[in-house]
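J.: build the 3D model from these lines:
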Amino acid sequence: MPTTEDLQRFLDVATEAAMAGGAVLQTYWGNLSSIQEKGRSGDLVTEADRASEVAVLAVIKRHFPDHAILAEESGQLGQSDSPFLWAIDPLDGTTNYAHQYPLCAVSIGLLVSGVPMVGVVYNPILDDLYRAAKGLGATHNRQPIQVSATTALENSLLVTGFAYDRRETIDNNYAEFCHLTHLTQGVRRGGSASVDLAHVACGCLDGYWERGLSPWDLAAGVVLVEEAGGQISAYDGSPFDIYSGRLVATNRHLQSAIIQELSQVQPLPQFKP
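T.: Prediction:
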């Protein structure tokens, strides 16, 4: 397992890479010439995604050429047998970005033997930098952060999202959204999983759940939440599996309550436009 010094170095490199990707996104902000769909309705990719990923990969490869990489646009790269896997989303929240809605981020997480241990989420539009590493705590713009102290579901503000396959499946989170909206002070839909998790980590949101996600959406954010004192699990409370695509993340106080409510939800009939 990596030492504290190793983790600090990994964190610093992840920060350098996120800032490099973020600089690219700042350049393209409001200046996109190509917006395409990647096979699934609503799953967008732009030249900003691709250029940001090039910048991020250049930093990671320069520092750690023997590490494995899983990047949203490039897929699996590097040595597949390495215990170190960088999970990279060069632009989490592409739809927001394309519409100049400023909730988006570069998300860079490092898994060591399958365990998320380092995470950096950088929103270059708002200049928000979130960093965390196992045992080193979590920060927002270099200041320590912690999850909220909210203990009652009725006093909570939650966030969630909807997967790209929501039109094709009844397991689309619509019923869960309605159910928890009635039980809380509100449920937001941010449109960027990494930013949602960062907001749980810093305490402005009390909990988050979602399905249909990829490892690059989650790797950085789960480290932020855990290092800020929060809790991550599967929908049923079992240990979180980053490849399952779904999770519950809270300030710890609300974990069991949200899991209990999710277990009672019955899917709504599939919407037919």
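J.: low-confidence ranges, the stretch 51-200 of the chain, go.
T.: 165-168 (pLDDT under 70).
J.: the residue most central in space within the chain: which element?
T.: In the chain, the centroid-proximal residue (CA atoms, centre = their mean) is Ser194; its distance is 2.4 Å. Using DSSP states H and E, Ser194 sits in helix 193-202.
J.: Val159 too?
T.: Here Val159, judged by DSSP H and E, is contained in strand 157-160.
J.: by contact count, what packs against that strand?
T.: Here strand 157-160 touches helix 174-183, strand 186-189, helix 193-202, strand 207-210, going by 3 or more CB pairs under 8 Å, 6 or more residues apart in numbering; DSSP states H and E. The C-beta positions use only the backbone N, C-alpha and C, and glycine is treated the same way.
J.: flag every buried residue along the helix holding Ser194.
T.: For helix 193-202, burial by neighbour count (16 or more other CB atoms under 10 Å) applies to 193-202.
J.: so for the lengthiest helix in the chain, mean pLDDT?
T.: Taking DSSP state H as the criterion, the chain has its longest helix at helix 4-28. Averaging pLDDT along helix 4-28 gives 98.
J.: in it, what's buried?
T.: So for helix 4-28, counting by 16+ other CB under 10 Å, buried means 7, 9-11, 13-22, 24-25, 28.
J.: off-centre distance for that helix?
T.: 15 Å (CA atoms, centre = their mean, to the nearest Å).
J.: now for that helix, which elements pack on it?
T.: By 3+ CB pairs under 8 Å, 6+ apart, helix 4-28 packs against helix 47-63, strand 84-92, strand 105-112, strand 115-123, strand 128-133.
J.: out of these, nearest to His253?
T.: Among these, the nearest to His253 by CB to CB is strand 128-133 (19.7 Å).
J.: using PDB, list the CA coordinates for the following helix or strand past that closest one.
T.: As assigned by DSSP H and E, the chain's next helix or strand after strand 128-133 is strand 137-140. C-alpha atoms of strand 137-140 as PDB (Å, rounded to 0.1, in the frame of the first residue of the first chain):
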ATOM      1  CA  GLY A 137      -8.400  14.700   4.700                       C
ATOM      2  CA  ALA A 138     -10.400  16.700   2.100                       C
ATOM      3  CA  THR A 139     -10.200  20.300   1.100                       C
ATOM      4  CA  HIS A 140     -12.000  22.900  -1.000                       C
END
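J.: list of residues touching the next helix or strand after strand 137-140?
T.: Scanning forward in sequence from strand 137-140 by DSSP H and E, the next helix or strand is strand 143-144. Strand 143-144 has contacts (CB atoms under 8 Å, 6 or more residues apart in numbering) with 137-138.
J.: spit out the contact partners of Val147.
T.: 200-203, 206, 225, 228-230, 250-252.
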